[in-house]
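*Asks:* Task: produce atomic coordinates for the following.
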Amino acid sequence: RSGDTLSGIAAQNGVSLSSLIAANPQIKNPNLIYPGQTVHIPGGGASPSGSQGTSGSQGTPGSSGVNGPSDVKGVNSSQRLADSARAAAMGMGGYQSQGLCATGVSRAIQNTYGIKVWGNGNQIDDNLPRDKFKQINIPLSEALKIPGLVLTWEHTSTSLGAKYGHTAITLGDGHSSASDFIERNTLAGDASRTGLKIFMPL
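*Replies:* Here you go, the predicted structure:
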């Protein structure tokens, strides 16, 4: 219906926004849907936008082969990873960087999945287990709207960042990410960073 959004439809149907986006590859811009457009509900049905899916075919994975995140202890793993990242950041630097971004990200991943990911900011991407994470190609502005995506940059403008890069986990609010601290405006920070890669939990 007019005024519906994917985030609203996800909330109405008890699914994560990231899994709803992954189940609807026909929607090229997740911020722009139309009245009457079909939206596939993961684990449910395909329905016109705004109506709850109760029957029909199950949502299909995106054309890139990215399926929605799995559940961990009954909670979508993507949201659980975002929550773990926020907790790690608040336990380390709060809103001030400690220069330990990879430590914060590694702690969040270990707390969510029970696996240790080694390396600095520009090595985390090579060490993420591919049975748990898949690289996706979406703009940073879209990634920041989805909780629990792992961001890695090869280089930043600081002396440490030029050597070690930066990594963080999206919080899903459209602007923040967390590592050893909560960065309130990650999109602004991206202007001084290069080599961005984005990974989604499977």
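*Asks:* going forward, measure contacts and count neighbours with C-alpha atoms only.
*Replies:* Will do.
*Asks:* Show me the shaky parts of this protein.
*Replies:* 1-3, 34-36, 44-76 (pLDDT under 70).
*Asks:* Which stretches in it count as strands?
*Replies:* Ranges of strands within the chain are 38-40, 46-48, 71-72, 75-76, 133-136, 147-153, 155-156, 166-171, 177-178, 182-183, 193-194, 197-201, based on DSSP state E.
*Asks:* roughly how far apart are the nearest residue to S106 once chain neighbours are set aside and A82?
*Replies:* Nearest residue to S106 in three dimensions, chain neighbours excluded: V117, at 5.4 Å (CA to CA, 6 or more residues apart in numbering). The spacing between V117 and A82, counted by CA to CA, to the nearest Å, is 16 Å.
*Asks:* Out of these two, name the residue with the larger neighbour count.
*Replies:* Taking other CA atoms under 10 Å, V117 and A82 do not tie; A82 has more neighbours (27 against 21).
*Asks:* Tell me how far that one lies from G172.
*Replies:* With CA to CA as the criterion, A82 and G172 are 8 Å apart.
*Asks:* So T170 sits against G148, correct?
*Replies:* Yes. If you go by CA atoms under 8 Å, T170 and G148 touch, sitting 5.2 Å apart.
*Asks:* Check the contact lists of those two and give me the overlap.
*Replies:* The contact sets of T170 and G148 overlap at A82 (CA atoms under 8 Å, 6 or more residues apart in numbering).
*Asks:* For the most centrally placed residue in the chain, give its distance to I41.
*Replies:* Central residue of the chain (CA atoms, centre = their mean): L149, 2.5 Å from the mean position. Distance, L149 to I41, using CA to CA: 21 Å.
*Asks:* Could you do Q12 as well?
*Replies:* 10 Å.
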